[in-house]
Structure formats: structure tokens, C-alpha cells
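Asker: this is a predicted model, with the sequence first.
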Amino acid sequence: MRKSIFFLLLLPILIFAKMHFSSPAPSFEKPRLWLIRLNTSDLKVVNHTLGAIYNVLKEYPSDTLKVAVVAYGQGIRVLRKDYDKNTLLRIKSLIEYDVEFVVCKNTMQTMHWSKKEFIDDVSYVQAGIAEVIERKVDGWIEVTPYDK
């Protein structure tokens, strides 16, 4: 009984609680930099990852969070035009919110795929893993939800 009363008293606080940002708080001038590795084409994992991006974007004021998804290995398959249509719509929507999707050209070359097989508005780097390393050196925080 006491637990249910405590929960009822706590519920309004949980519902209306705002995100607490560490100091210094993210700002337009100094946004948080979130790096995600994408190395799988598993539809379930990919869609959970996209859902996590949407959820986190909702927590930050506009223009205070930059998100980059670096795809390499099997992950670049997700950004091809022939991947799951509903998932590609979600990715294109995230691109409109300035989420950056980066494709590894080394993997493209290994798979004998060309840029014309990929969706518009992705960027390319020679080595996806090297891109992850360099972004981390530049202060990007790597958190990969649902990593296999």
C-alpha cells in the first residue's frame, strides 16, 4: 500500500521532469557530439538504433546535439537504396533533422558497390573505423545503442 502511494506521489515528478544537463549545458555554440557506429544490417537492431536517435533528439533543445552515424562493414547495407523502404524513410527523416550518415568507402570497394546505389545526402569517408577514431579524438562521445 505504501509503495503505491509513494508511486502516485512520485508520478507527477516523473512525468514533468526535465532533462538535467551536465555542466556546461549543451548550446548552439557548443553542442553535444554523439557518435554511433553502425556495423550491422540487422533490421531489428537498425530500427531500435533509429528509435534511440529519435528519443535522444527529443531531449535536447534544437541545435544543441549533433549526431553522426558511421556505417562500415555490414552497416553500409542499411544506406543502400534497396534496403527496407520503411527504414529508409526513417533515415531520410533523420537526415532532415541534420543527423549525419557516413559510409565507409573501403567497405563499398570490398562489396563492389558504387555511390549511385546509396541514398542521397550521405557522406563518404575512406575508412569508417578511422573516422570513428578521429571523431572520438575531436571530442565526439561514442554511444552505440543496441550494439551486437
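Answerer: On my side now, so go ahead. Numbering: from 1, shown residues only.
Asker: all contacts plus neighbour counts: C-alpha atoms, from now on.
Answerer: Fine.
Asker: which residue ranges of the chain form strands?
Answerer: Secondary structure of the chain (DSSP state E): strands at 32-38, 65-71, 100-104, 123-125, 141-142.
Asker: partners of the last one in the sheet?
Answerer: Sheet pairing here is set by DSSP bridges, and for strand 141-142 it gives strand 32-38 (parallel).
Asker: which secondary structure elements does the lengthiest helix in the chain sit against?
Answerer: Secondary structure of the chain per DSSP state H: the longest helix is helix 43-59. Other elements packing on helix 43-59 under the criterion 3 or more CA pairs under 8 Å, 6 or more residues apart in numbering; DSSP states H and E are helix 85-96.
Asker: which residues touch the helix it packs on?
Answerer: Defining contact as CA atoms under 8 Å, 6 or more residues apart in numbering, one finds that helix 85-96 is touched by 47, 50, 54, 78, 79, 81, 101, 121.
Asker: of these, closest to residue 24?
Answerer: Distance to residue 24 across the contacts of helix 85-96 (CA to CA) is lowest for residue 54, with 23.1 Å.
Asker: mean confidence for stretch 75-89?
Answerer: Over the span of stretch 75-89, the pLDDT mean works out to 98.
Asker: first-to-last residue distance for that stretch?
Answerer: 17 Å (CA to CA, to the nearest Å).
Asker: what are the buried residues along that stretch?
Answerer: 75, 76, 77, 78, 79, 80, 87, 88 (16 or more other CA atoms under 10 Å).
Asker: turn the residues you listed into TSV, columns for distance to residue 113.
Answerer: Output for those, formatted as TSV (distance: CA to CA, whole Å):
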residue	distance to residue 113
75	13
76	10
77	10
78	13
79	12
80	9
87	20
88	18
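Asker: looking at the residues you listed, spot the one nearest residue 141.
Answerer: Top of the list for closeness to residue 141, among those and by CA to CA, is residue 75 at 19.4 Å.
Asker: and stretch 119-133, how far apart are its ends?
Answerer: In stretch 119-133, first residue to last residue: 25 Å (CA to CA).
Asker: could you do stretch 77-84 as well?
Answerer: End-to-end distance (CA to CA), stretch 77-84: 10 Å.
Asker: any chance of the strands of the chain in TSV, plus distance to residue 20, mean neighbour count and mean pLDDT?
Answerer: Output for the strands of the chain, formatted as TSV (distance: least, CA to CA, whole Å; neighbours: other CA atoms under 10 Å; pLDDT from 0 to 100):
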stretch	distance to residue 20	mean neighbour count	mean pLDDT
strand 32-38	14	21	96
strand 65-71	14	23	97
strand 100-104	25	23	98
strand 123-125	32	16	98
strand 141-142	18	16	95
